[in-house]
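Peer 1: mind looking at a prediction? Sequence and model below.
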Amino acid sequence: METRKIQTVGGGTYTVSLPKEWAESENCTAGTTVNLHTHIDGLLVIQTPESRTTPRNRVTLEVGNDDPAEIEQLLRAAYAAGVESVVLELPDGYSDAQHRAIERVTRNLTGVTIAEETETHVTVQTLLDASEVSVRQSVRQLQFVALSMHRDAMAALTTGTTSDRWGDRDEQADRLHAMIDRYFERGLARLDEIDALGLTRPELFTLWGTANELERVADHAERIGTIADQLDGQPTGSIVTALEDIAQDVRTVVEDAVRVIIGDACVDTARQTLATRRAVRQQITSLDRQLFESGDADYRLTRALDSLARTAEHGGNIAEFGLRMAVRDGALTASEGGTDDADTTSSTAETES
């Protein structure tokens, strides 16, 4: 870091000199036009129009006879990278399977459409405008979808009920997560994107981290639903009651943690959420022992119990994000303390799905 003194010139204009090494590395000379970005978090950033940090808004990819799954992966990667327009070159024309893969991407990603199509070229464009996107509201919706999936999965596990909208909601969760991931990536590279989103960089990072945890909550809900379909009969009454109690507490952990992140609850809720997570851990350990000792319980229930435990951990990770926010913003002083050792040592690595 270098320091400079602010000076004034005629008319009271403030000026500051640029570091020579930076100017030369960016090919800046007298008369070069630069962009000045003022951010809501108090930063002023200087950037040249051809800056190396500015992402490419349009890319051309020659896919030829590539496997349809690979084409889909390329389009999803371009979407996540923040690219606005992708031109797919198919010199020999595309097959029906390739075209279906392209259409599947446009259907499953928010704001993506086929803008132009010929026998040898397909242009896939993203029409999203950052100023019209609310990352905070998207996180709220992702939480609703993930917990809705969790409720239905647990109902299938304990009562045998089913839901015909399961696949649709799983796709909706993936779509919301992909959009949040895209704007986090664009926010890293485009200095104007953060302001268009109306967020500071720490706020965007926290919301992105929360979305990652919620996406895993949805994955575990899907896993529980799959296990429910494989059970040979329903669990006994006492086990059902225990599972339902644990599931309710797990959803409370996730829901309350997200409320802290999006500003609907204070830091005290985050601390209470972590206390609830500790209680859930004990409940799960107790039920796991009961299943082991019963001898006749379906072994698949232990896998469902594992997903419940991991879901609680993902919710706890979100609550820990809330504590970080509180410390960063001064809402939690050193004298107020934080979580106990068991909570502060639990990490995302511990809760890999």
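Peer 2: Right, received. Where do you want to start? Numbers count the residues shown, from 1 in each chain.
Peer 1: remind me which helix or strand the closest residue to residue 314 other than its chain neighbours belongs to.
Peer 2: Among residues not flanking residue 314 along the chain, residue 213 sits closest, at 4.3 Å (Cβ to Cβ, 6 or more residues apart in numbering). For the C-beta atoms, the positions are set from N, CA and C on the backbone; glycine is no exception. Using DSSP states H and E, residue 213 falls within helix 201-230.
Peer 1: and that helix, what does it pack onto?
Peer 2: helix 135-159, helix 166-189, helix 191-197, helix 237-261, helix 300-329 (3 or more Cβ pairs under 8 Å, 6 or more residues apart in numbering; DSSP states H and E).
Peer 1: now the longest one against helix 135-159, angle please.
Peer 2: Meaning helix 300-329. 160 degrees (axes from the mean of the first three to the mean of the last three Cα atoms, to 10 degrees).
Peer 1: in helix 300-329, what counts as buried?
Peer 2: 300-301, 304-326 (16 or more other Cβ atoms under 10 Å).
Peer 1: list the contacts for residue 63?
Peer 2: 70, 71, 74, 88, 89, 90, 98 (Cβ atoms under 8 Å, 6 or more residues apart in numbering).
Peer 1: tell me the confidence at it?
Peer 2: In this model, residue 63 is scored at 85, pLDDT.
Peer 1: minimum distance to residue 36: which of the helices and strands packed on helix 201-230 has it?
Peer 2: Of all those, helix 191-197 sits nearest to residue 36, with 9.8 Å by Cβ to Cβ.
Peer 1: going by neighbour count, which residues in stretch 264-282 are buried?
Peer 2: For stretch 264-282, the neighbour count (16+ other Cβ under 10 Å) marks 265, 267, 269, 270, 271, 272, 273, 274, 276, 277, 280, 281 as buried.
Peer 1: same check, this time on stretch 89-109
Peer 2: In stretch 89-109, counting by 16+ other Cβ under 10 Å, buried: 90, 94, 98, 99, 101, 102, 105, 106, 108, 109.
Peer 1: in strands, which of those residues fall?
Peer 2: Per DSSP state E, strands hold no members of the buried residues of stretch 89-109.
Peer 1: picking that back up, please identify which of the contacts of residue 63 is nearest to residue 207.
Peer 2: residue 74 (26.7 Å).
Peer 1: surely the closest one and residue 60 touch.
Peer 2: No - with contact defined as Cβ atoms under 8 Å, residue 74 and residue 60 do not form a contacting pair (11.5 Å).
Peer 1: who touches both of those two?
Peer 2: Contacts common to residue 74 and residue 60, judged by Cβ under 8 Å, 6+ apart, are residue 86.
Peer 1: need the residue closest to the centroid of the protein.
Peer 2: Among the residues of the chain, the one closest to the centroid is residue 211, at 2.9 Å (Cα atoms, centre = their mean).
Peer 1: report pLDDT for the spatially closest residue to residue 224 that is not a sequence neighbour.
Peer 2: Sequence neighbours aside, residue 153 is the residue nearest to residue 224 in space, at 4.0 Å (criterion: Cβ to Cβ, 6+ apart). Looking at residue 153, its pLDDT stands at 93.
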